[in-house]
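> Generate coordinates for the sequence data below:
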Amino acid sequence: MSDNELGAFLRSRREALSPEEVGLPHGSRRRTPGLRRAELAMLSGISVEYLARLEQGRDRHPSPQVLGALADALRMSTDERFHLRLLAKAIEGGSSYVCPSARPPVVSIRPTVRALLDKLEPSPAVLINRMTQVLAYTTGFERLARPSGLLDAAEPSFLRFVFTDPRARDVYPDWDAVATQQVATLKHAAGLADPHVAALVDELTITAGGPFSGRLTTPGVPERAGVQRWTHPEAGELRLAYEALELADDQRLIAYLPADETSSAALDRLAGRRPGTLRVVNG
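Predicted coordinates for the structure are as follows:
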């Protein structure tokens, strides 16, 4: 890595973006390709002087909020945002700023919770921790969520999926409401003062940008029950009633049931069930 990889990357993205792409007039006598520093500074809400220091490597410690604003203004793709975050972490030497004495999110599953999940089969049900990390799920939930991409990551997370995976907007027709609820759940379960949550917030402020960071200051109470719409690639649109149960160890069990007959039939097809085949003795 060069001595100023972060600054060089920001400058390369600025020079690759035309004024027209961000709604600015092209003008004349433009000496440099792409956006001028003053234009990017205006779009991102930071000063021209500070942007120059970042690009020249004279300031190597921009906040996640600054990087998120720059990523938004530069119309960065998801992959570019992740690269930007890696460059920022490399400057810090790859060290974590999570306090080692803070209690990490619990990922182990108590036997009674395992037994409860087993009893919920074949209904969709999932266990998450306070970081919205997926810890366990029924086969019913796997049939529902696997085709959507939610379980693709090595450590699946509702929050990361909703805000960083483009497929989430297709999965959730009411994406805005789902996104707001995900942030409210995170804030309620642990609070932004939790250092592990703070690290996740800094990560998503860069990788997701305004759609995530703008919701951090929005008041909201997580809903423990309601109806959520999912779009399944095989079953089509489903209306699922959910119940969220708070458990010990800051864990949460979410169970889903069909909210109408159409969704019920679709879930039956996913599970391979054939309603109406029950045999009644002496019936």
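> all helices of the stretch 151-283 of the chain, in order?
158-164, 168-171, 175-189, 195-207, 210-213, 261-271 (DSSP state H, counting those that start in this stretch).
> Ok, which of these comes nearest Ser44?
Across these, Ser44 has its closest neighbour in helix 210-213 (10.6 Å, C-beta to C-beta). Every residue, glycine included, has its C-beta placed from N, CA and C.
> per-residue pLDDT, Leu216?
What the model reports for Leu216 is a pLDDT of 87.
> Over to the one 3 residues further on?
Reported pLDDT at Pro219 in the predicted model: 69.
> circling back: could I get the helices of the stretch 151-283 of the chain as TSV with distance to Leu117?
Below are the helices of the stretch 151-283 of the chain laid out as TSV (distance: least, C-beta to C-beta, whole Å):
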stretch	distance to Leu117
helix 158-164	17
helix 168-171	22
helix 175-189	19
helix 195-207	24
helix 210-213	29
helix 261-271	16
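> Can you redo the ones you listed as CSV, where the extra columns are distance to Gly57, mean neighbour count and mean pLDDT?
Formatted as CSV, these follow (distance: least, C-beta to C-beta, whole Å; neighbours: other C-beta atoms under 10 Å; pLDDT from 0 to 100):
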stretch, distance to Gly57, mean neighbour count, mean pLDDT
helix 158-164, 28, 22, 96
helix 168-171, 35, 17, 96
helix 175-189, 34, 19, 89
helix 195-207, 19, 21, 90
helix 210-213, 25, 18, 92
helix 261-271, 53, 17, 92
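> who touches Thr207 in this structure?
Thr78, Arg81, Phe82, Arg85, Phe163, Thr164 (C-beta atoms under 8 Å, 6 or more residues apart in numbering).
> ok, and what's touching the helix or strand harbouring the third one?
Looking back up the chat, that one is Phe82. Per DSSP states H and E, Phe82 falls inside helix 78-91. Contacts to helix 78-91, defined as C-beta under 8 Å, 6+ apart, come from residues 1, 5-6, 9-10, 13, 60-62, 64, 67, 70-71, 74, 76, 164-166, 203, 206-209.
> can we see that at 7 Å?
1, 5-6, 9, 13, 60-61, 67, 71, 76, 164, 166, 203, 206-207 (C-beta atoms under 7 Å, 6 or more residues apart in numbering).
> Stretch 29-36 too?
Applying C-beta under 7 Å, 6+ apart, the contact partners of stretch 29-36 are Arg14, Glu15, Ala16, Leu17, Ser18, Pro19.
> Buried ones among the residues you listed?
For the contacts of stretch 29-36, a neighbour count by 16 or more other C-beta atoms under 10 Å gives the buried set as Arg14, Leu17.
> Tell me which of the contacts of stretch 29-36 fall in helices.
Among these, DSSP state H puts Arg14, Glu15, Ala16 in helices.
> Can you name the element that comes right after the helix holding Phe82?
For helix 78-91, the following helix or strand on the C-terminal side (DSSP H and E) is helix 111-120.
> got the contact list for that next one?
Ala125, Leu127, Ala136, Thr138, Leu247, Ala255.
> List the residues that contact the fourth one.
In this case it means Thr138. Leu117, Leu120, Glu121, Pro122, Ser123, Pro124, Ala125.
> Export those residues to CSV and append columns for pLDDT, neighbour count and distance to Val171.
CSV is the format used below for these (pLDDT from 0 to 100; neighbours: other C-beta atoms under 10 Å; distance: C-beta to C-beta, whole Å):
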residue, pLDDT, neighbour count, distance to Val171
Leu117, 94, 20, 22
Leu120, 94, 18, 21
Glu121, 91, 13, 22
Pro122, 89, 16, 20
Ser123, 92, 17, 19
Pro124, 95, 27, 13
Ala125, 96, 26, 18
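> Now render those as TSV, adding distance to Ser263.
Below are the contacts of Thr138 laid out as TSV (distance: C-beta to C-beta, whole Å):
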residue	distance to Ser263
Leu117	21
Leu120	17
Glu121	18
Pro122	15
Ser123	12
Pro124	11
Ala125	16
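> now, among these, which is nearest to Ala38?
Nearest to Ala38 among the contacts of Thr138: Pro124, at 51.5 Å, using C-beta to C-beta.
> Go ahead and confirm that closest one touches Leu144.
Yes: in this structure Pro124 lies within contact range of Leu144 using C-beta atoms under 7 Å: 4.6 Å.
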